[in-house]
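Q: okay, here's the prediction I keep looking at, along with the sequence it came from:
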Amino acid sequence: MGNWTTVQEFTLEGFPAVQHLGRLLFSVHLLAYLASITGNVVIVSIVCTNAHLKTPMYFFLSIFSLAECSFTSTVIPKLLAIFLLGKQTISFVACFIQAFVFVFIGSFGFLLIAVMSVDRCVAICKPLHYPTIMNLRTCTLLIIICLAVSFILITWVVVTVSQLSFCGPHVIPHFFCDLGPLIHLSCSDPSYAETVTYVFALFVLLSSLIITIIAYSSIVVTVVHLPSAKERQKAFSTCSSHLMVLSLMYGSCVFIYLKPKQSGILDTNKEAALVNTVVTPLLNPVIYTLRNKQVHQALRKTVCRIQISR
């Protein structure tokens, strides 16, 4: 840590304008959190127990659902404590741990989205070679690569930010410890840390987006040349849920991390971050369940088996 670090804890500002509605907001966010966790756990359970879903596509989906559970659990419990108990303080170490875990899982999620796009590309463009290319070893290796890249990059970023001097103020204008607000609280020159953080966000978002665009461009070219309209519809339907999740994730994160600097940016980021940490993890299992016929059918069979067993 920096030699001039005197701040032992930070205060999370939260949402002071609506803090008087703390109990109501606690109830709403608790329900959203429980629904998000339940939905993602259901997806993981269905994939693990249904033999028809033992494919790379659903293997990646189950990993993505686990990542979403971890992602939202990094932020929401503290937000619930702020709404219900007014506990806005967080220790210096806990703040940086929260920032590390949040950005690590978030960047892993974007890299995983890119891998899922490549998986769909291979499945549609090279169907005969798909089982050979996307075998269990390849899938596991891709997951490990995503984890390793995310861990190495975020470690570099967080170590850089932690070496700044924090001698006051100690109020973070956010509802969790994100890197941007932390850097703005430094009483030393934050230019290098800002550059490192921006380059990190740019690399993760743009690299995953470019891979996804290339993958789906290949998919579109292949699907357009399919002779049957039914085959074209089936190919696009398997990608529709993926594209909807992509729109939600990229929309909120580009607004938060790649928006040009201007006054009031930290205040406007809170609403976008709320979408990213509460709304998106809640909608993802709904989108994948309702838009994906195989998951939908597996869910219905599971419900039927439970009812019969009773």
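A: Great, that's in hand. Given the structure is predicted, the values throughout are model-derived calculations rather than measurements.

Q: mind checking which helix or strand residue 240 is in?
A: Residue 240 is part of helix 229-257 when elements are defined by DSSP states H and E.

Q: mean confidence (pLDDT) on that helix, please.
A: In this model, helix 229-257 carries a mean pLDDT of 71.

Q: same deal with stretch 164-172?
A: Taken as a whole, stretch 164-172 has an average pLDDT of 82.

Q: any chance you could map the helices in the stretch 1-150 of the chain?
A: Listed in chain order, the helices of the stretch 1-150 of the chain (DSSP state H, counting those that start in this stretch) span 22-49, 56-85, 92-125, 130-133, 136-162.

Q: nearest to residue 228, of those?
A: In terms of CB to CB, the element of the helices of the stretch 1-150 of the chain nearest to residue 228 is helix 92-125, at 13.7 Å. Using the backbone N, CA and C atoms, a C-beta is placed for each residue, glycine as well.

Q: show me what counts as buried in the closest one.
A: Of all the residues in helix 92-125, those buried under the rule 16 or more other CB atoms under 10 Å are 92, 95-96, 98-125.

Q: and what of stretch 75-94?
A: Residues 75-76, 78-83, 88, 90, 92 are the ones in stretch 75-94 that count as buried (16+ other CB under 10 Å).

Q: those residues: which two are farthest apart?
A: The distance between the two most remote of the buried residues of stretch 75-94 (CB to CB) is 23.1 Å, for 83 and 92.

Q: poorly predicted segments of the chain, please.
A: Low-confidence regions of the chain, defined by pLDDT under 70, span residues 1-6, 234-238, 241-242, 252, 254-269, 288-293, 296, 302-303, 305-310.

Q: quick check, central residue of it?
A: Nearest residue to the geometric centre of the chain (CA atoms, centre = their mean): residue 106, 4.3 Å.

Q: so who does the closest residue to that one other than its chain neighbours touch?
A: Distances taken as CB to CB, 6 or more residues apart in numbering place residue 71 nearest to residue 106, at 6.3 Å, with adjacent residues excluded. By CB atoms under 8 Å, 6 or more residues apart in numbering, the contact set of residue 71 is 102, 105-106, 109, 277, 281.

Q: now do residue 23
A: Contact analysis of residue 23 by CB under 8 Å, 6+ apart lists 83-84.

Q: try residue 219
A: Residues near residue 219 by CB under 8 Å, 6+ apart: 120-121, 124-125, 235, 239.

Q: now compare those residues and name the two farthest from each other.
A: The distance between the two most remote of the contacts of residue 219 (CB to CB) is 12.0 Å, for 125 and 239.

Q: secondary structure element holding residue 176?
A: Residue 176 is located outside every helix and strand, with elements delineated by DSSP H and E.

Q: just give the nearest non-adjacent residue to it, would you?
A: residue 75 (4.6 Å).

Q: can you get me a residue count around residue 63?
A: Residues near residue 63, counting by other CB atoms under 10 Å, number 22.

Q: what about it, distance to residue 184?
A: Going from residue 63 to residue 184 by CB to CB, to the nearest Å gives 34 Å.

Q: nearest to residue 230 among the buried residues of stretch 75-94?
A: Closest approach to residue 230 among those (CB to CB): residue 76, at 42.4 Å.

Q: contact partners for the closest one?
A: Residue 76 makes contacts with 29, 33, 277-278, as judged by CB under 8 Å, 6+ apart.

Q: can you do 10 Å?
A: Residues near residue 76 by CB atoms under 10 Å, 6 or more residues apart in numbering: 29-30, 32-34, 36-37, 175-176, 277-278, 281.

Q: mutual contacts of residue 125 and residue 239, please.
A: Common contacts of residue 125 and residue 239 (CB under 10 Å, 6+ apart): 215, 219, 223.

Q: closest to residue 253 out of those?
A: Nearest to residue 253 among the shared contacts of residue 125 and residue 239: residue 215, at 18.9 Å, using CB to CB.
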